[in-house]
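1. starting from these lines, generate the structure:
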Amino acid sequence: MPHNVGYCCINTTLNKQGITTNRGMIQRTFIEKGLSYASELALANARDLVKIIRWNAQQNIRVFRVSSDIFPWGSHYNIDNLPDADKISETLAEAGALAQATNQRITAHPDHFVKLGSEKDHVVENSIKDLELHSTIFDMMGLEASPYNALNIHVGMNYSSEVTDRWIKNVEKLSPNCRARLVVENDDKANAYSIVQLVEIFKEVHTPITFDYFHHTFHDSGLSSEAAAHLAAATWPSDIDPLFHYSESKNLNENVSGNPRAHADYVFNKIEDFGLTIDIDLEAKAKELALFKYWEIV
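-> Below is the predicted model:
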């Protein structure tokens, strides 16, 4: 079975108590209230990140994907200019130290609009800003600059040699720490990037590949899940366990019709590790509750 299985971004148990790292605001509010309010929200998010990581440790959870919303509108300002910058920095350092002391692997998944292969300069520029913001947060947390603390993204575009070339060129524009953390996962559309196609990128820039079990069912390039998982795992450094993603179909498991790519609230089957030592981000909609239910079946 997988080495460690964790959950992503939102703790529904603590959220009911008002503990969250997703405090944000609409753009109009940001324009009206500015850096002071952004700073206030970011500090509250950072303080609650400490609480979530502490709770994870108490529950023996060893993998956790942090929210991308710690700094509201964070790519629109320099974090050092926030009124609470010092307090935020101290709090994030506390969160990172606690994660390391309790052996929690902290990861992030920058948003779907991050498209390093885009032909539009502003899209690439915004993508790089967002990735660098995530990497800066990990730097502030004192997390190592390696795929152990992964910044996971998609290519997120239809496969072509031109997209691949642009992606490779633009990865080289990232700061050393950001690039060192970058991993890329297979997409869930038949015309997008499969594990086989991501290997083409890996051969050029050595960005490790995250295998997403569910996505693979939509674009397998003729590979079994086992073969694809082993191909992805082989791209990781030998001293770092690969990070994979697991979810199951909402349509098939919850008797609904809709987007076939929608994730189920829970997990209903044991995760097959194919003989690999791996960590798993469980991408089930019920978050930590899905993880607890999964533990009951393994």
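2. can you give me the helices for the stretch 101-250 of the chain?
-> For the stretch 101-250 of the chain, the helices defined by DSSP state H, counting those that start in this stretch cover 121-140, 161-171, 176-181, 195-205, 213-216, 225-233, 250-254.
3. could you dump those helices to TSV with mean neighbour count and distance to residue 19?
-> From N, CA and C alone the C-beta is placed, and that goes for glycine too. Formatted as TSV, those follow (neighbours: other CB atoms under 10 Å; distance: least, CB to CB, whole Å):
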stretch	mean neighbour count	distance to residue 19
helix 121-140	19	18
helix 161-171	17	35
helix 176-181	19	26
helix 195-205	18	36
helix 213-216	21	29
helix 225-233	20	34
helix 250-254	15	27
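4. now the ones you listed as JSON lines including mean pLDDT?
-> Output for the helices of the stretch 101-250 of the chain, formatted as JSON lines (pLDDT from 0 to 100):
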{"stretch": "helix 121-140", "mean pLDDT": "98"}
{"stretch": "helix 161-171", "mean pLDDT": "98"}
{"stretch": "helix 176-181", "mean pLDDT": "98"}
{"stretch": "helix 195-205", "mean pLDDT": "97"}
{"stretch": "helix 213-216", "mean pLDDT": "96"}
{"stretch": "helix 225-233", "mean pLDDT": "98"}
{"stretch": "helix 250-254", "mean pLDDT": "69"}
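5. against residue 25, how distant is the residue lying farthest from the centre of the chain?
-> Centroid-distance maximum for the chain: residue 32 at 30.6 Å, with CA atoms, centre = their mean. Distance from residue 32 to residue 25, counting by CB to CB, to the nearest Å: 9 Å.
6. related to what we said a few turns ago, now the helices of the stretch 101-250 of the chain as CSV including distance to residue 61?
-> Converted to CSV, the helices of the stretch 101-250 of the chain look like this (distance: least, CB to CB, whole Å):
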stretch, distance to residue 61
helix 121-140, 19
helix 161-171, 31
helix 176-181, 21
helix 195-205, 27
helix 213-216, 20
helix 225-233, 22
helix 250-254, 23
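7. which residue, other than its chain neighbours, is closest to the most centrally placed residue in the chain?
-> In the chain, the residue lying closest to the centroid (CA atoms, centre = their mean) is residue 109, at 2.3 Å. In space, and not counting its chain neighbours, residue 109 is closest to residue 152: 4.7 Å by CB to CB, 6 or more residues apart in numbering.
8. repeat for residue 19
-> Closest to residue 19 by CB to CB, 6+ apart is residue 48, at 4.8 Å.
9. state the three-state secondary structure for the one you found.
-> helix (DSSP: H, G, I helix; E, B strand; the rest coil).
10. dump the residue contacts of it.
-> Counting by CB atoms under 8 Å, 6 or more residues apart in numbering, residue 48 makes contact with 14, 19, 20, 21.
11. just those residues now: which is nearest residue 224?
-> If you rank those by distance to residue 224 using CB to CB, residue 21 comes first, at 37.5 Å.
12. pLDDT score assigned to the closest one?
-> Looking at residue 21, its pLDDT is 98.
13. how close does it get to residue 192?
-> Residue 21 is 29 Å from residue 192, by CB to CB.
14. who has more neighbours, these two?
-> residue 21 (26 against 19; other CB atoms under 10 Å).
15. correct me if wrong: the more buried one contacts residue 65.
-> No - when contacts are counted by CB atoms under 8 Å, residue 21 is not listed as touching residue 65 (11.0 Å).
16. find residues that contact each of those two.
-> residue 9.
17. contacts only, for residue 236.
-> With CB under 8 Å, 6+ apart, residue 236 has these contacts: 147, 208, 209, 242.
18. show me which of these is closest to residue 78.
-> Here the nearest of those to residue 78, counting by CB to CB, is residue 147; it sits at 27.0 Å.
19. what about that closest one, neighbour count?
-> Using other CB under 10 Å, the number of residues around residue 147 comes to 24.
20. that one against residue 239, yeah?
-> No - in this structure, residue 147 is not within contact of residue 239 by CB under 8 Å, at 10.4 Å.
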